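**Student:** Fold the following.
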Amino acid sequence: MLNKIWGGMILISFLAAMVTGRMAELSQAVMEGSGRAVTLTISMAGMMCTWTGLLKIAEKGGLTSLIAKWMAPVVGLLLPGYQKGGEAFRAVSMNITANLLGIGNAATPLGIAAMKAMAQEHGAKVLPDRGMIRFVVLNTASIQLIPTYTAALRLQYGSAAPFSITPAVWVVSIAALIAALGMSRLLESRWRHG
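**Tutor:** You can find the predicted model right below:
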């Protein structure tokens, strides 16, 4: 569906430029946008590689287990039914840590690993269990203590104070998390009783 939307937007832009006689401006915008996209991708890739590498070192050095133990009460409350100290528990804890640090791109592979470990622990073949659904909600509406990725984007585009948005990010991410978990809980109870 998303491909159809993007395709439609491209077609409409092309037709509008053709009808209004602004094909040169469209071509220039496409070339400039492509160049900026490549530059942005390379700069973001460097940051993502750094944080992913640091998280891998943390895992090999045993920091993952320590973080999992520290976060056990919160993760256990949010995702009941999973073995404390197990592979799923560790992967979820590292994913939450990456999200807290605002490195969502590095959190993605950790989230995939967490879902695989959760599916393996509960033997989910087709349908996810309640914990897996809650994890997706938690991961999507994550709390960011340090908005690293957003600050890097702001710095890339010339912001003098890229981290000045941090208090707003705290408020918005906490509100989004509360709303998402609340809605998830409400739908869970309706699904159980419905």
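
**Student:** What's the first helix or strand after the lowest-mean-pLDDT helix or strand in the chain?
**Tutor:** Across the helices and strands of the chain, mean pLDDT, DSSP states H and E gives its lowest value to helix 63-78, namely a mean of 76. Beyond helix 63-78 on the C-terminal side, the first helix or strand identified by DSSP states H and E is helix 87-100.

**Student:** Check the gap between A117 and G21 for me.
**Tutor:** Using Cβ to Cβ, to the nearest Å, we find A117 at a distance of 57 Å from G21. Quick note: C-beta positions are derived from backbone N, CA and C, even for glycine.

**Student:** If you count surrounding residues, which of the two has more?
**Tutor:** Neighbour totals were compared for A117 and G21, and A117 leads with 19 against 8 (other Cβ atoms under 10 Å).

**Student:** got the contact list for the more buried one?
**Tutor:** G86, E87, A88, R90, A91 (Cβ atoms under 8 Å, 6 or more residues apart in numbering).

**Student:** check which helix or strand covers the residue nearest to the third one when sequence neighbours are not counted.
**Tutor:** It refers to A88. Distances taken as Cβ to Cβ, 6 or more residues apart in numbering place A117 nearest to A88, at 3.8 Å, with adjacent residues excluded. Assessed by DSSP H and E, A117 sits inside helix 104-122.

**Student:** Now that helix - C-alpha only, PDB.
**Tutor:** Provided in PDB are the C-alpha atoms of helix 104-122 (Å, rounded to 0.1, in the frame of the first residue of the first chain):
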ATOM      1  CA  GLY A 104      16.300   3.800  17.400                       C
ATOM      2  CA  ASN A 105      18.200   2.500  14.400                       C
ATOM      3  CA  ALA A 106      20.500   0.500  16.700                       C
ATOM      4  CA  ALA A 107      17.500  -0.700  18.600                       C
ATOM      5  CA  THR A 108      15.900  -2.200  15.500                       C
ATOM      6  CA  PRO A 109      18.200  -5.200  15.200                       C
ATOM      7  CA  LEU A 110      17.900  -5.700  19.000                       C
ATOM      8  CA  GLY A 111      14.100  -5.500  18.700                       C
ATOM      9  CA  ILE A 112      14.100  -8.200  16.000                       C
ATOM     10  CA  ALA A 113      16.400 -10.400  18.200                       C
ATOM     11  CA  ALA A 114      14.000  -9.900  21.100                       C
ATOM     12  CA  MET A 115      11.000 -10.900  19.000                       C
ATOM     13  CA  LYS A 116      12.700 -14.000  17.800                       C
ATOM     14  CA  ALA A 117      13.700 -14.900  21.400                       C
ATOM     15  CA  MET A 118      10.200 -14.300  22.600                       C
ATOM     16  CA  ALA A 119       8.700 -16.400  19.900                       C
ATOM     17  CA  GLN A 120      11.100 -19.200  20.600                       C
ATOM     18  CA  GLU A 121      10.500 -19.100  24.300                       C
ATOM     19  CA  HIS A 122       6.700 -19.200  23.900                       C
END
